[in-house]
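Engineer: what's the 3D shape of this:
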Amino acid sequence: MKGYLLGTWAWVDYLEGGDSAQEVNDILESDERCFTSVQSLAELSDLFHQDRLKIDMKWESLQQFIKVKKTDSLKVTEEIAENAGKIKAEEREEKPDFGLADAVILATARKHDLNLLSGDPHLTDKKTAKKI
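Structural biologist: Purely as a prediction, here's the structure:
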């Protein structure tokens, strides 16, 4: 693995000072390369603008904070989008509520050979995931 992809769940737990915040911080402060999918940025924006993120920060400050924490954003390419559709269809056989956003994040981690850092139960049973 080349580093970590921080899933939306990891960011939320870290930003809100949850149970795994220190573990996420340790990874961010390590020499490991860290990334964030633009899908997670969209989900964070959604949570923020619905006032469901328990942080005292403006959206622009949050975006800058994510960049300062040395995470590069990874775009959703056509290949990732296609693979995400396949992943969602496969996962829905066992998890009827498996969403497209989770599939995009998982496809991104797989494409870039990254450990997916998440506590999301839809994702933590995957080979590429590191449960926090």
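Engineer: and the most far-flung residue of the chain relative to its centre, what are its phi and psi?
Structural biologist: What lies farthest from the middle of the chain is Glu93; by C-alpha atoms, centre = their mean that is 22.7 Å. Note on Glu93: its backbone torsions stand at phi -60, psi -30 [degrees, to the nearest 10].
Engineer: give me the distance from stretch 3-18 to the chain's centre.
Structural biologist: For stretch 3-18, the separation from the chain centroid amounts to 7 Å (computed by C-alpha atoms, centre = their mean, to the nearest Å).
Engineer: what are the buried residues along it?
Structural biologist: By neighbour count on 16 or more other C-beta atoms under 10 Å, the buried set for stretch 3-18 is 3-15, 18. Heads up, the C-betas are built off the backbone N, CA and C, glycines and all.
Engineer: what's the answer for stretch 58-68, then?
Structural biologist: For stretch 58-68, a neighbour-count test (16+ other C-beta under 10 Å) marks 62-63, 66 as buried.
Engineer: and the strands in the chain?
Structural biologist: Secondary structure of the chain by DSSP state E: the strands cover 4-6, 34-37, 71-74, 115-118, 129-131.
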